[in-house]
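K.L.:
My questions are about this predicted structure, shown below with the sequence.
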Amino acid sequence: DTVLMIGLGSGVSLGSAVTHDIKYIECVELLENVIEAAHFCDTFTNNDLSDPRLNLIIGDGRNHVRLTDRFYDVIISEPTNVWISGVGDLFTVEFFEEARERLKPGGIMSAWFHIYHMGGPELRSTLKTFASVFPHASLWFSNEADVILIGSLEPVRIDEELARRMMRPGTREDLDRVMIDDVGDLLGALLMSDARLRAFFDNADRIHTDDNMLLEFHAGRMVVESTHRTHLSSFLEVLAPYRYDRLDDETNRMVADRVRARKLTLKGTLERLDGRVDRAVNLYDAAYAAAPGDTYIVTKYAEIHSELGGAALASGDLERAGAEYEKALADHRLEGVWIAYDGLGFVHRSKDQYDEARENYRTSVALNPYHADGYINLAWAELALGDTVSAVRDYEKAIELAPDDADAANNLAWLYAVGGLDLDRALELAKFATGRARDASYFDTLGWVHFKRGELDQAQASLEETLSIERDRVESIYHLAHVHLGKSERERAVELLQSVVELDRGGTFAAKAGVMLDEIGND
């Protein structure tokens with residue numbers, strides 16, 4: 001019921017901790033600006049920084065552990081990337097010993113650890129260091145780049161109560177966010193513990209201490225290397241199901257099935273890293289068929305099929321692209337599933353299926369409301385369906401998310417100008433776009449905005465700038481004809497319209513110019 005968390009970061013882990021039935025939690029964060037930034041994540045962290053049980057301390061986590069007189073049931077160490085000065089201090093034997101002394105009987109220590117930019121000797125030394133302090137130690141798979149160390153002085157009891165605790169209100173919803181649905185999902189993430197773990201690091205040369213800092217200095221030499229492939233191969237060699245004496249046979253079989261399916265996925269990732277994509281896909285598909293609800297498995301399955309969808313789309317194979325994107329929609333809780341909806345939207349758009357494209361884009365922005373391009377795509381589909389009001393709204397949202405997007409600003413300025421909705425806003429957007437780039441379409445929009453505002457001299461100047469960039473741009477010549485007609489310069493207007501008819505033979509603007517010429521002739 002008492003927790004210490006070292007390092008706040010975004011606050012997501014702290015937000016998970018407060019979902020449990022605890023009485024008191026301390027979080028020690030070194031940097032005040034991290035605390036300030038974490039408030040931007042309040043929506044995702046159960047407003048953890050406002051929890052009345054929290055004591056947020058600005059200070060050094062290691063010093064706090066050394067100096068506090070409080071004892072804890074759980075200590076969670078969040079900092080990783082040990083090549084950053086000071087972080088390695090949280091992975092030495094001395095720190096782990098200090099943390100161990102602050103645990104209550106039955107207490108647990110957790111440390112998040114990365115495996116990228118980390119050599120095999122350094123990984124084994126870290127495991128050996130941790131296990132030299134905690135007689136009961138285990139290593140858990142978080143993703144292909146990160147692992148979690150769990151240590152205790154007494155054996156961790158895993159029994160039928162685990163499932164009940166996972167179903168507690170708050171905790172159940174929080175686990176669902178990371179696709180942990182049942183005991184199998186959780187225990188399937190165990191890489192190795194106790195004897196198997198000790199055999200894994202048996203040949204490690206040294207443990208990490210305050211006076212050798214081997215992790216900080218060795219890892220610092222490897223930041224330009226990607227080494228996790230080596231570690232995944234090592235994990236694959238030792239990964240095997242454990243049997244839990246306090247769980248029934250059915251649950252043990254479920255966990256064993258998850259582990260075997262995870263091994264297939266690990267093999268798939270290794271094939272993929274070696275460029276053998278077809279083999280990787282077969283292994284991912286087999287793993288998904290065996291355990292479609294496993295977080296790691298479904299993530300890799302959806303990821304590769306989304307990539308295959310993108311490749312098919314780039315090659316013009318719309319049918320295959322659609323089929324691959326449909327597979328990538330295996331679970332809507334996946335972080336990147338919106339990408340597949342974007343892809344499907346483009347497939348439907350390419351087939352002139354605008355209703356379907358709009359629904360795909362709507363789902364994409366619902367799943368990821370922070371993706372500016374998603375709103376731009378949605379606005380395009382809405383325009384294709386004649387829904388200008390919704391398109392304007394979504395372009396405004398895109399610009400809110402990406403205020404430097406000149407294309408979005410230009411498109412929105414054009415919509416405002418054409419509809420006569422807000423010509424002041426239109427002028428602001430058009431000037432912004434032309435200030436970002438000397439683009440013919442941007443100056444054309446600015447010219448049309450000035451025209452709609454009755455500012456004919458400015459309109460003429462902008463449109464002439466457009467034609468200095470792109471001399472035969474028929475749309476801009478057509479617009480310039482409107483300006484000269486508005487200035488009662490009929491002869492020049494007729495000359496420009498005749499130019500449009502000649503340049504755009506049989507085209508839309510040629511037809512429009514022909515109508516205008518007839519009207520001028522009749523006048």
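P.N.:
Nice, I can see it.
K.L.:
For the nearest residue to Gly419 once chain neighbours are set aside, give me phi and psi.
P.N.:
Closest residue in space to Gly419, ignoring its immediate chain neighbours: Thr388 at 6.0 Å, by Cβ to Cβ, 6 or more residues apart in numbering. Glycine gets a C-beta too; all of them are placed from N, C-alpha and C. Main-chain dihedrals, Thr388, degrees, to the nearest 10: phi -70, psi -40.
K.L.:
and Thr388, how many neighbours does it have?
P.N.:
16 (other Cβ atoms under 10 Å).
K.L.:
just the strands in the stretch 201-350 of the chain please.
P.N.:
Counting by DSSP state E, counting those that start in this stretch, the stretch 201-350 of the chain forms no strands at all.
K.L.:
Also the chain?
P.N.:
Assigned by DSSP state E, the strands in the chain fall at 2-6, 24-29, 54-58, 72-77, 103-114, 136-141, 146-152, 190-193.
K.L.:
Ranking those by mean neighbour count, which comes first?
P.N.:
Of all the strands of the chain, strand 2-6 has the most neighbours on average by mean count of other Cβ atoms under 10 Å, namely a mean of 23.
K.L.:
now that strand: mean pLDDT?
P.N.:
Confidence over strand 2-6 (mean pLDDT, whole number) is 97.
K.L.:
That strand - contacts with which helices or strands?
P.N.:
If you count contacts as 3 or more Cβ pairs under 8 Å, 6 or more residues apart in numbering; DSSP states H and E, strand 2-6 packs onto helix 12-17, strand 24-29, helix 61-67, strand 72-77.
K.L.:
hmm, try it at 7 Å
P.N.:
Contacts defined by 3 or more Cβ pairs under 7 Å, 6 or more residues apart in numbering; DSSP states H and E place strand 2-6 against helix 12-17, strand 24-29, strand 72-77.
K.L.:
ok, now which ones touch the closest residue to Ala38 other than its chain neighbours?
P.N.:
Nearest residue to Ala38 in three dimensions, chain neighbours excluded: Gly11, at 4.2 Å (Cβ to Cβ, 6+ apart). Gly11 makes contact with 38, 41, 45, 48-49, according to Cβ atoms under 7 Å, 6 or more residues apart in numbering.
K.L.:
Tell me the confidence at Gly11?
P.N.:
At Gly11, pLDDT is 93.
K.L.:
Check Ile304 too.
P.N.:
pLDDT recorded at Ile304 is 96.
K.L.:
got a list of what it touches?
P.N.:
Going by Cβ under 7 Å, 6+ apart, Ile304 touches 280-281, 284.
K.L.:
rewinding a little: is it possible to export the strands of the chain to JSON lines including distance to Val494?
P.N.:
Formatted as JSON lines, the strands of the chain follow (distance: least, Cβ to Cβ, whole Å):
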{"stretch": "strand 2-6", "distance to Val494": "76"}
{"stretch": "strand 24-29", "distance to Val494": "72"}
{"stretch": "strand 54-58", "distance to Val494": "74"}
{"stretch": "strand 72-77", "distance to Val494": "78"}
{"stretch": "strand 103-114", "distance to Val494": "71"}
{"stretch": "strand 136-141", "distance to Val494": "75"}
{"stretch": "strand 146-152", "distance to Val494": "70"}
{"stretch": "strand 190-193", "distance to Val494": "79"}
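K.L.:
follow-up on the earlier one: now do the residue nearest to Gly419, the pLDDT please.
P.N.:
As predicted, Thr388 sits at a pLDDT of 92.
K.L.:
same check, this time on the one 5 residues further on
P.N.:
With respect to pLDDT, Arg393 has a value of 95.
K.L.:
Show me the shaky parts of this structure.
P.N.:
522-523 (pLDDT under 70).
K.L.:
would JSON lines of the helices and strands packed on strand 2-6 with distance to Glu250 be doable?
P.N.:
As requested, these are exported to JSON lines (distance: least, Cβ to Cβ, whole Å):
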{"stretch": "helix 12-17", "distance to Glu250": "28"}
{"stretch": "strand 24-29", "distance to Glu250": "35"}
{"stretch": "strand 72-77", "distance to Glu250": "30"}
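K.L.:
Would you mind saying which of these lies nearest Pro169?
P.N.:
Each of the helices and strands packed on strand 2-6 has some distance to Pro169 by Cβ to Cβ; the shortest is helix 12-17, at 14.0 Å.
K.L.:
Look up how far Val418 lies from Asp257.
P.N.:
Applying Cβ to Cβ, to the nearest Å, the value for Asp257 to Val418 is 59 Å.
K.L.:
show me what contacts Leu90?
P.N.:
Counting by Cβ under 7 Å, 6+ apart, Leu90 has contacts 6, 61-62, 77, 79.
K.L.:
quick one on the thing from earlier: so which of the strands of the chain is nearest Ala289?
P.N.:
Here strand 136-141 is closest among the strands of the chain (Cβ to Cβ), at 20.4 Å.
K.L.:
helices and strands around the closest one, which ones?
P.N.:
Packing contacts for strand 136-141, counted by 3+ Cβ pairs under 7 Å, 6+ apart, involve helix 120-133, strand 146-152, strand 190-193, helix 194-200.
K.L.:
Could you export the shortest one as CSV, CA atoms only?
P.N.:
In this case it means strand 190-193. Taking C-alpha atoms only, strand 190-193 is exported to CSV below (Å, rounded to 0.1, in the frame of the first residue of the first chain):
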residue,chain,number,x,y,z
LEU,A,190,8.1,-13.4,-18.6
LEU,A,191,11.5,-13.9,-20.3
MET,A,192,13.4,-15.7,-17.5
SER,A,193,13.6,-15.8,-13.7
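K.L.:
Partner strands of that strand, with direction?
P.N.:
Partners of strand 190-193 in the sheet, by DSSP bridges, are strand 136-141 (antiparallel).
K.L.:
So what touches the strand it pairs with?
P.N.:
Residues outside strand 136-141 that contact it (Cβ under 7 Å, 6+ apart): 127, 130-131, 147-152, 154-156, 189-194, 197, 296.
K.L.:
could you give the angle of that strand to strand 103-114?
P.N.:
Per axes from the mean of the first three to the mean of the last three Cα atoms, to 10 degrees, the angle that strand 136-141 makes with strand 103-114 is 30 degrees.
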